[in-house]
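Undergrad: can't give you the sequence, but here's the structure:
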């Protein structure tokens, strides 16, 4: 009898866990739909590398690895976060056109001893949020269980890994996730991603482009974009 109760309890716990995971997945799926994703991708020219590289299914699978993404707080918070994420992604990649940075450079911080640059490797921007610098490739690789320090090209060769690096940066390596869920506003995500170059008058046109995309996506999701949009 005791054994039976224990088995039943385990089954109920497992069912609850699966249900919770399904809810998390559903929140992202219901907001960032295939049609929404395709709407961004359709703006990229057919000649764009990202046109055949970036896929909706890999985005969703990557999002499933970050359970708090698009599921924290209220329904409006979820919508704002996903709108903010894709606004920055669309800006960084030209509507999912670019997989790699156009003006490539080594992006090697030789003072970083934890993640020293591998010989002959370049750490220029790759993927949805254009992951850059050796220390970011190293840290992202450690988190994801992929050796990106010695093989940074993997971010431009494997779409699932590419989306995971973007979501790692968003949820783990910066305050982008909490900026939206805590009400700091969209401007804080710009600050986290490229604030040193764009914010405080550094490049107003770039900031305005990000804001325009964000407010557009918020409108598509039927949510007010909130305050503190700029940086």
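TA: Looks like it arrived, so ask away. Remember, it's a predicted structure, so these values are computed and weren't measured experimentally. Numbering: from 1, shown residues only.

Undergrad: gap between residue 221 and residue 141?
TA: Using C-beta to C-beta, to the nearest Å, residue 221 is found at 33 Å from residue 141. For the C-beta atoms, the positions are set from N, CA and C on the backbone; glycine is no exception.

Undergrad: Same drill for those two, tell me which one is more crowded.
TA: With neighbours defined as other C-beta atoms under 10 Å, residue 221 and residue 141 compare such that residue 141 has more, 22 against 19.

Undergrad: how about the nearest residue to that one, chain neighbours excluded?
TA: residue 148 (3.4 Å; C-beta to C-beta, 6 or more residues apart in numbering).

Undergrad: hang on, that neighbour in a strand?
TA: No. Residue 148 is assigned coil when assessed by DSSP: H, G, I helix; E, B strand; the rest coil, not a strand.

Undergrad: got a pLDDT number for it?
TA: Looking at residue 148, its pLDDT stands at 98.

Undergrad: Same question for residue 51.
TA: Looking at residue 51, the pLDDT reads 97.

Undergrad: excluding its backbone neighbours, what's nearest it?
TA: residue 44 (5.2 Å).

Undergrad: where's the one you found, which helix or strand?
TA: Under DSSP states H and E, no helix or strand contains residue 44.

Undergrad: separation between it and residue 115?
TA: Computed with C-beta to C-beta, the distance linking residue 44 and residue 115 is 32 Å.

Undergrad: Please apply the same query to residue 193.
TA: Here the criterion is C-beta to C-beta. By it, residue 193 lies 20 Å from residue 115.

Undergrad: and if you look at residue 69?
TA: To residue 115, residue 69 is 24 Å away according to C-beta to C-beta.

Undergrad: Looking at the two now, which is surrounded by more residues?
TA: Neighbour count, other C-beta under 10 Å: between residue 69 and residue 115, residue 69 has more, with 23 against 20.

Undergrad: doesn't that one fall inside a helix?
TA: No. Applying three-state DSSP, one finds residue 69 to be coil, outside a helix.

Undergrad: That one reaches residue 169, doesn't it?
TA: No. In this structure, residue 69 is not within contact of residue 169 by C-beta atoms under 8 Å, at 11.5 Å.

Undergrad: Remind me what the helix or strand containing residue 195 packs against, helices and strands.
TA: According to DSSP H and E, residue 195 maps onto helix 187-198. Here helix 187-198 touches helix 75-93, helix 176-181, helix 204-221, going by 3 or more C-beta pairs under 8 Å, 6 or more residues apart in numbering; DSSP states H and E.
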